[in-house]
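In: A predicted structure for the sequence below; I have some questions about it.
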Amino acid sequence: MNTVLPPSEVPLPPASGAWREGDPPGRRQWYERDAPLALEAGGEVPGVRMAFETWGRLAPDRSNAVLVLHALTGDSHVAGAAGPGHPGPGWWDGIVGTGRALDTDHWFVVAPNVLGGCQGSTGPSSLAPGGRRWGSRFPFLTQRDQVLVEAELAEALGIDRWALVVGGSMGGMRALEWAVSYPERTGALLLLATAAAASAEQIAWANIQLHAVRGDPNWRGGDYHGADPGRGPHAGLGLARRLAHVTYRSEPELQSRFGRTPQATEDPWNGGRYQVESYLDHHAAKLVRRFDAGSYVTLTEAMNSHDIGRGRGGVRAALSRVTARTLVAAVDTDRLYPPSQQTELAAGIPTAGRLRVIESPYGHDGFLIEVKQVAALLTELLSRTAT
Ligand SMILES: CC(=O)SCCNC(=O)CCNC(=O)[C@H](O)C(C)(C)COP(=O)(O)OP(=O)(O)OC[C@H]1O[C@@H](n2cnc3c(N)ncnc32)[C@H](O)[C@@H]1OP(=O)(O)O
Ligand SMILES: N[C@@H](CCO)C(=O)O
């Protein structure tokens, strides 16, 4: 029988090398699947576990459950107040909590770590049957595989219908998959800075990042996990993050914030760095400390696979299946997921209404940073949602 382990019985997440150091065990729970998971692309994953966190209480009639889906390098730790010993602030603290748009005095908020990730859910750094880490043997995943396990988690929690499913970027891809695969289980839907299908340019940016990781000699074909933790493909992952981070921000922001200013006392003409270079170095180092390169590759390929219309008669036919009350929002300066993609979503989803635009200098990351505007969208959507 598939089970949800209560917090008191939760073992520590699998050690996955240097990127886990300093990450204290949280009050995460796990969903465990008994049978191997058969994958859309073929193959299977035995022993699937999905880490998740919850906030608030499920109402007796189970009508107040909200599913929050994280982006590429996010995790289940949406908000900080999950309990004693928890690892610090969450990535959407301004949205989830008492008195916030997702008020946890009213809503029961659930956030899983995506399948293929490295923050407690089964992924390339997890132990495979036989005791070695999956590494290169970890199979190709799609967003639909990931959503299938999320749907099982919902069943295990006794949630037959979400009042709301919300996600941005990669999380928005999964939120859309929810609304198309399980319309009867998705009451409302908020899609932020996401797309109906990964575009040629998004696949192109991803391609360069995949080459950066796999080109690192310490990648070892994906089987670096058993090696000295200090010798993972950190340079390659850092390079991928630098590139990705530029796509997450806007050109005017970088220019107005950093311009041509050298970093502190450094001299760019003598081996020193400009401020913007130091900024990218910082974000690269931060990711390398907390994220597994194998998961980065697996999740990036899963994002590339995203096409809501695959096997459903195309994008328009798939979008027409959505019955959830929907809001679609673009960030006006997003150069990675340009507003044309959200225009397509808003036009194609029958219940979506007009496209909403988040005004922000920050580009794609606006969906993480512009908390007030995202909160207003949630409040509007939830005020229309019967509970
Ligand atoms: C859904 C999810 O993805 S959740 C996971 C969280 N997301 C991420 O980590 C994505 C990557 N990070 C980001 O995109 C952003 O940091 C966000 C969205 C989380 C926050 O954006 P902002 O508040 O605008 O932060 P910003 O991009 O300016 O980064 C601030 C950091 O840069 C550092 N920094 C700023 N200027 C410099 C510089 N010249 N040299 C070195 N570091 C610098 C700051 O000290 C700060 O460090 P800290 O984060 O360790 O405290
Ligand atoms: N900052 C986000 C961008 C991708 O949406 C992340 O790292 O997940």
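Out: The structure has been received and is ready for your questions. These figures come from a predicted structure and were not determined experimentally. Numbering: from 1, shown residues only. Ligands and ions are numbered 1, 2, ... in the order given.

In: pull the helix or strand with minimum mean pLDDT from this protein.
Out: Taking mean pLDDT, DSSP states H and E as the measure, the helix or strand of the chain with the lowest value is strand 3-5, at a mean of 58.

In: Report the next helix or strand after that strand in sequence order.
Out: Counting by DSSP states H and E, the element after strand 3-5 in chain order, helix or strand, is strand 29-32.

In: Mind giving me the packing neighbours of the next helix or strand after that following strand?
Out: Remark: after strand 29-32, the chain's next helix or strand is strand 37-38, criterion DSSP H and E. Other helices and strands packing on strand 37-38, by 3 or more Cβ pairs under 8 Å, 6 or more residues apart in numbering; DSSP states H and E, are strand 44-45, helix 143-156. From N, CA and C alone the C-beta is placed, and that goes for glycine too.

In: Ramachandran angles for residue 112?
Out: When read as degrees, to the nearest 10, the backbone of residue 112 gives phi -90, psi 150.

In: Now do it against ligand 2, distance only.
Out: In this view, residue 112 and ligand 2 are 15 Å apart by Cβ to the nearest ligand atom, to the nearest Å.

In: who's the spatially closest residue to that residue that is not a sequence neighbour bridged to?
Out: Excluding the flanking residues, the one nearest residue 112 by Cβ to Cβ, 6 or more residues apart in numbering is residue 52, at 4.1 Å. Beta-bridge pairing of residue 52 under DSSP bridges involves residue 29, residue 112.

In: Residue of the stretch 201-350 of the chain nearest ligand 2, please.
Out: The minimum distance from the stretch 201-350 of the chain to ligand 2, using Cβ to the nearest ligand atom, falls at residue 248 (4.9 Å).

In: Pull the contacting residues for the residue nearest to residue 112.
Out: Residues in contact with residue 52 (Cβ atoms under 8 Å, 6 or more residues apart in numbering) are 28, 29, 30, 31, 76, 110, 111, 112, 113, 153.

In: Walk me through the domains of this protein.
Out: The chain resolves into domains spanning 3-198+306-383, 201-303 when parsed by automatic domain parsing.

In: need the least confident one among the ones you listed, by mean pLDDT.
Out: Sorting those by mean pLDDT places domain 3-198+306-383 lowest, at a mean of 90.

In: Distance check, residue 52 against ligand 1.
Out: 15 Å.

In: ok, which residues in the stretch 1-150 of the chain are in contact with ligand 1?
Out: For the stretch 1-150 of the chain, the contact set with ligand 1 under Cβ under 6 Å from any ligand atom comprises 70, 71, 73, 74, 91.

In: Would you mind trimming those to those in range of ligand 2?
Out: Contacts with ligand 2 are made by 71, 73, 74 out of those, judged by Cβ under 6 Å from any ligand atom.

In: between those, which has the most around it?
Out: Using other Cβ atoms under 10 Å as the neighbour criterion, residue 71 leads those with 26 neighbours.

In: mind saving the C-alpha coords of stretch 39-54 as PDB?
Out: This file holds the C-alpha atoms of stretch 39-54, laid out as PDB (Å, rounded to 0.1, in the frame of the first residue of the first chain):
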ATOM      1  CA  LEU A  39       7.400   6.300 -17.000                       C
ATOM      2  CA  GLU A  40       5.900   8.000 -20.100                       C
ATOM      3  CA  ALA A  41       9.200   7.600 -22.000                       C
ATOM      4  CA  GLY A  42       9.500   4.000 -21.000                       C
ATOM      5  CA  GLY A  43      11.400   2.400 -18.100                       C
ATOM      6  CA  GLU A  44      10.500   2.600 -14.500                       C
ATOM      7  CA  VAL A  45      11.600   3.900 -11.100                       C
ATOM      8  CA  PRO A  46      11.200   1.500  -8.200                       C
ATOM      9  CA  GLY A  47      11.000   2.800  -4.600                       C
ATOM     10  CA  VAL A  48       9.800   6.300  -5.400                       C
ATOM     11  CA  ARG A  49       9.600   8.700  -2.500                       C
ATOM     12  CA  MET A  50       8.300  12.200  -2.700                       C
ATOM     13  CA  ALA A  51       9.100  14.700   0.000                       C
ATOM     14  CA  PHE A  52       6.500  17.300   0.900                       C
ATOM     15  CA  GLU A  53       5.700  19.900   3.500                       C
ATOM     16  CA  THR A  54       2.300  21.200   4.700                       C
END
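
In: circling back to that earlier point, include distance to residue 104 and neighbour count when you put the contacts of residue 52 into TSV, please.
Out: Listed next are the contacts of residue 52 as TSV, based on distance: Cβ to Cβ, whole Å; neighbours: other Cβ atoms under 10 Å:
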residue	distance to residue 104	neighbour count
28	17	27
29	16	23
30	21	23
31	20	23
76	15	26
110	11	25
111	12	28
112	17	29
113	19	26
153	19	22
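
In: Now render those as CSV, adding distance to residue 346.
Out: Below are those laid out as CSV (distance: Cβ to Cβ, whole Å):
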residue, distance to residue 346
28, 35
29, 35
30, 36
31, 33
76, 29
110, 26
111, 25
112, 26
113, 29
153, 29
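
In: which one of these is nearest residue 238?
Out: residue 113 (22.1 Å; Cβ to Cβ).

In: tell me which parts of the protein are close to ligand 2?
Out: Counting by Cβ under 6 Å from any ligand atom, the chain sits next to ligand 2 at 71, 72, 73, 74, 169, 170, 248, 365.

In: what about 5 Å?
Out: 71, 72, 73, 169, 248 (Cβ under 5 Å from any ligand atom).

In: who's in contact with the nearest residue to residue 380 once chain neighbours are set aside?
Out: Spatial nearest neighbour of residue 380, chain neighbours left out: residue 327 (7.0 Å); criterion: Cβ to Cβ, 6+ apart. Each residue near residue 327 by Cβ under 8 Å, 6+ apart is listed here: 189, 190, 191, 352, 353, 356, 377, 380, 381.

In: For this protein, which segments are assigned as strands?
Out: Along the chain, counting by DSSP state E, strands occupy 3-5, 29-32, 37-38, 44-45, 49-55, 65-69, 108-112, 164-168, 188-192, 325-331, 356-358.
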